[in-house]
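Asker: Sequence first, predicted model second:
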Amino acid sequence: MQADRAHVSESSEEGRIQLYGWDSRTASWNGPTGLSLSPRASRRLVQALEAAPGRSWYGPVNCGSAGEAPTRFFSVIHALCDCAVATIYCHDSRTGPVEIVAVVPPEMRARLRADFAFEFVAFARFLGALSEEAALTVHDQMEAAIRESESSEALVFSIGTGLWNSDLDHVLSCCVEKIALSMLEWVGETAAVPLSL
């Protein structure tokens, strides 16, 4: 999932966003993949998140590639004290989320819970997105990513559940980027320090 580098310079060390992910279909970990704040962060979604009562939001998110009809997803998004978490469902899913995403903006890295990786993996496991063996692998990979990344980098962790048609992975990737970048902007603003440079 590569995004346009519209707002963050490629040479900039600050403001970088690192995406890590687990694909349940292939049982493989990937990342880091560099992202940047870009037009993929949906102004409409950020405004909906900012207007939500409390720290949670549920609603539709339309995503698609150029020349294709948009696909409708639904997402449940929660802002927590040190991150934001989203579950993404396809329009007709009755079996569970197609993707689970957590974002940690740099402004919140200092207060990231020591058991963040454990709790995120436990949540995904509770939703049936990970086997016990996969949960151990994802936990260890998340811990390594947190430990090895720069404190100035935003982190995005994504777990693909395998409940989505692989022929349409590019559409789901677009949706994950859109939601992740919007959440980073939202919770970055909440932390009272702008995320964009």
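Answerer: Yes, it's here. What you see is a predicted model; the values in this text were computed from it and never measured.
Asker: what's the next secondary structure element after the strand or helix carrying Val101?
Answerer: Using DSSP states H and E, Val101 sits in strand 99-104. Under the assignment DSSP H and E, the closest C-terminal helix or strand after strand 99-104 is helix 116-126.
Asker: Next, the angle strand 99-104 makes with the following helix or strand past that following helix.
Answerer: For helix 116-126, the following helix or strand on the C-terminal side (DSSP H and E) is helix 132-148. Here the directions of helix 132-148 and strand 99-104 differ by 20 degrees (axes from the mean of the first three to the mean of the last three Cα atoms, to 10 degrees).
Asker: So in this structure, which helix runs the longest?
Answerer: Across the chain, the longest stretch assigned as helix under DSSP state H is helix 169-190.
Asker: in that one, what's buried?
Answerer: Across helix 169-190, burial judged by 16 or more other Cβ atoms under 10 Å covers 171-190. Glycine gets a C-beta too; all of them are placed from N, C-alpha and C.
Asker: shaky segments in this protein?
Answerer: 1-15, 37-41, 92-94, 190-197 (pLDDT under 70).
Asker: In contact with the residue located most distally from the centre of it, which residues?
Answerer: Going by Cα atoms, centre = their mean, the residue of the chain most distant from its centre is Gly67, 24.8 Å out. Gly67 makes no contacts at all, as judged by Cβ atoms under 8 Å, 6 or more residues apart in numbering.
Asker: For beta bridges, what are the partners of Gln18?
Answerer: Gly34, Leu155 (DSSP bridges).
Asker: Look at it and say how many residues are nearby.
Answerer: 19 (other Cβ atoms under 10 Å).
Asker: Now for it: which residues touch it?
Answerer: Going by Cβ under 8 Å, 6+ apart, Gln18 touches Gly31, Pro32, Thr33, Gly34, Leu35, Ala145, Ser149, Glu153, Ala154, Leu155, Val156.
Asker: The fifth one contacts Tyr20, doesn't it?
Answerer: This means Leu35. No: Leu35 sits out of contact with Tyr20 when judged by Cβ atoms under 8 Å, with a separation of 10.9 Å.
Asker: okay, and the common contacts of these two?
Answerer: Val156.
Asker: for Gly128, what are its contacts?
Answerer: The contact partners of Gly128, by Cβ under 8 Å, 6+ apart, come to Gly96, Thr161.
Asker: Please repeat the previous calculation with a cut-off of 10 Å.
Answerer: Taking Cβ atoms under 10 Å, 6 or more residues apart in numbering as the criterion, Gly128 is in contact with Ser24, Thr95, Gly96, Pro97, Thr161, Leu163.
Asker: With Ser151 instead?
Answerer: Applying Cβ under 10 Å, 6+ apart to Ser151 gives the contacts Glu14, Pro106, Arg109, Ala110, Leu112.
Asker: now do 7 Å
Answerer: Ser151 makes contacts with Pro106, Arg109, as judged by Cβ atoms under 7 Å, 6 or more residues apart in numbering.
Asker: what about it, distance to Leu19?
Answerer: Ser151 is 17 Å from Leu19, where distance means Cβ to Cβ, to the nearest Å.
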